[in-house]
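Colleague: Sequence and computational prediction follow.
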Amino acid sequence: MNKLFAIKEEFKSTIIGFNGSGLPLGERNDLDKLAEMALQNPALANLFVSAPNADQIKAFKEQRLLDQTRDHAAQPAAEPTNTPGNESHETHSLDEEEEHT
Amino acid sequence: MLSIQVSGYTKQCDPITGGVSRVFVFDPADMDWTQGAITAPGLAAYTAVGLHGGATILGGSGFFEIGFDYLEGDYKGTPSVKGSSQKYTHQLTLHLPEMSQRLTNFIFAMQSALTCTSLGFVIVLNTGKIFIMGEKIVNAAELAAVFRVIMGDGGEIGSGKAMDDPQGATVVFKGDYGRPLNEFTGGIAAITALAGTPIF
């Protein structure tokens, strides 16, 4: 998890129930959500080495969205399928072509 | 808009199932509920829960599930208005099976706690939604208005007559407050992760 959301050593085994899970804080991968809630609850803010402010959390989420968008765009395009009307896209192996000649 | 902010109520296009699925009891002084920022008119739901102050599971804190008979749990919130004052009477009714020393001890413990302080309840509906009754600490601070829940009248301990009659106790927990219950959206795993060690 991003160093922005580092949890103090003494609280890594602490359980805070949120976002559908009750794993110890040291095992969570959604501490950005906890950091957002810490803006309302000082007890949660105390769990972080340095609780991020609203701007820092917003910048993290924006960067994460950009990274996800870039990663998605970098994925190879899916191969076209042999569906009716797409016969021009059909490819034949050399063996098949020899059979037809 | 000129005098108050009104809004409609959007019906969700999903099947809804009635009834109470699970109930957990807790000491309100032990649990700190995080309430999110208000983004719409009205209160925000609770989104996180953790042990408050020096409370520990080993020390006896946590959520304790109350095993009631199947389909024998019921929650009602009844509004009452007098002039400009209003309240909601929150009532949780459960039927607990089998008269036994365990049942006697459980009821006695609940009565004792309710005489000195108050109890909190996590109510899980069959829709999966979770509501909190009797909470005390929100965002690390005590609520200004005390949400006190006591063991109300209307309960009964009985043996039944016929062999297939219900046997055990109907227990009623009741409390008045100035609003309906708040929802907890952190999920059931967030509650069960803080399960206490049962003693009955």
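Modeller: Everything's here; your move.
Colleague: Contacts only, for residue B:30.
Modeller: B:51-52, B:55, B:61-62 (Cβ atoms under 8 Å, 6 or more residues apart in numbering or on different chains). All C-beta spots, glycine's among them, are computed from the backbone N, C-alpha and C.
Colleague: Out of the residues you listed, which are close to chain A?
Modeller: B:51-52 (Cβ under 8 Å from any Cβ of the partner chain).
Colleague: Poorly predicted segments of chain B, please.
Modeller: B:1, B:39-41, B:200 (pLDDT under 70).
Colleague: quick one: least confident helix or strand in chain A?
Modeller: Least confident helix or strand, chain A: helix A:94-100 with a mean of 46, by mean pLDDT, DSSP states H and E.
Colleague: follow-up on the earlier one: in PyMOL, how would I select the buried members of the contacts of residue B:30?
Modeller: Selecting just the buried residues from these in PyMOL takes one command, with 16 or more other Cβ atoms under 10 Å in any protein chain shown as the test:
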select buried, chain B and resi 51+52+55+61+62
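Colleague: Tabulate the contacts of residue B:30 (a markdown table), appending secondary structure.
Modeller: Listed next are those as a markdown table, based on DSSP: H, G, I helix; E, B strand; the rest coil:
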| residue | secondary structure |
| --- | --- |
| B:51 | strand |
| B:52 | coil |
| B:55 | coil |
| B:61 | coil |
| B:62 | coil |
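Colleague: Residues of chain A that sit close to chain B?
Modeller: Neighbours of chain B within chain A, by Cβ under 8 Å from any Cβ: A:14-23, A:34, A:37, A:39-44.
Colleague: Swap in 7 Å and give it another go.
Modeller: Within reach of chain B by Cβ under 7 Å from any Cβ of the partner chain, chain A has these residues: A:15-22, A:37, A:40-44.
Colleague: the helices in chain A, which residues?
Modeller: A:31-38, A:42-45, A:54-73, A:94-100 (DSSP state H).
Colleague: likewise chain B?
Modeller: Using DSSP H, the helices of chain B run over B:101-116, B:188-192.
Colleague: I'd like those helices as TSV, with distance to residue A:81 and mean neighbour count appended.
Modeller: Shown next, in TSV, are those (distance: least, Cβ to Cβ, whole Å; neighbours: other Cβ atoms under 10 Å in any protein chain shown):
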stretch	distance to residue A:81	mean neighbour count
helix B:101-116	63	14
helix B:188-192	40	20
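Colleague: how about TSV for the ones you listed, with distance to chain A added?
Modeller: Shown next, in TSV, are the helices of chain B (distance: least, Cβ to the nearest Cβ, whole Å):
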stretch	distance to chain A
helix B:101-116	23
helix B:188-192	3
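Colleague: who wins for proximity to residue A:79 among those helices?
Modeller: helix B:188-192 (39.6 Å; Cβ to Cβ).
Colleague: And the contacts of the closest one?
Modeller: Residues outside helix B:188-192 that contact it (Cβ atoms under 7 Å, 6 or more residues apart in numbering or on different chains) are A:17-18, A:20-22, B:24, B:49, B:63, B:122, B:124, B:130.
Colleague: If we use 10 Å, what do you get?
Modeller: A:15-23, B:21-22, B:24, B:26, B:31, B:46-50, B:62-63, B:65, B:122, B:124, B:128, B:130, B:132, B:184 (Cβ atoms under 10 Å, 6 or more residues apart in numbering or on different chains).
Colleague: Show me the residue at the heart of chain A, geometrically.
Modeller: Ranked by distance to the mean C-alpha position of chain A (Cα atoms, centre = their mean), the top residue is residue A:68 at 6.8 Å.
Colleague: How far does stretch A:13-32 stretch from one end to the other?
Modeller: Terminal residues of stretch A:13-32 are spaced 17 Å apart (Cα to Cα, to the nearest Å).
Colleague: what about that stretch, distance to the chain center?
Modeller: Relative to its parent chain, stretch A:13-32 has a centroid offset of 16 Å by Cα atoms, centre = their mean, to the nearest Å.
Colleague: can you pull the buried residues of it?
Modeller: Buried, per 16+ other Cβ under 10 Å, within stretch A:13-32: A:15-19, A:21-23, A:25, A:28, A:31-32.
Colleague: pull the longest strand from chain B.
Modeller: strand B:85-97 (DSSP state E).
Colleague: Output that one as PDB, nothing but the C-alphas.
Modeller: Included here for strand B:85-97 are C-alpha records, laid out as PDB according to Å, rounded to 0.1, in the frame of the first residue of the first chain:
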ATOM      1  CA  SER B  85     -41.500  17.700  20.000                       C
ATOM      2  CA  GLN B  86     -41.000  14.300  18.400                       C
ATOM      3  CA  LYS B  87     -39.500  11.000  19.400                       C
ATOM      4  CA  TYR B  88     -39.000   7.500  18.000                       C
ATOM      5  CA  THR B  89     -39.600   4.500  20.200                       C
ATOM      6  CA  HIS B  90     -37.200   1.800  19.100                       C
ATOM      7  CA  GLN B  91     -38.200  -1.700  20.000                       C
ATOM      8  CA  LEU B  92     -36.400  -4.900  19.400                       C
ATOM      9  CA  THR B  93     -38.300  -8.200  20.200                       C
ATOM     10  CA  LEU B  94     -36.600 -11.600  20.200                       C
ATOM     11  CA  HIS B  95     -37.700 -15.100  21.200                       C
ATOM     12  CA  LEU B  96     -34.900 -17.000  22.800                       C
ATOM     13  CA  PRO B  97     -35.300 -20.800  22.900                       C
END
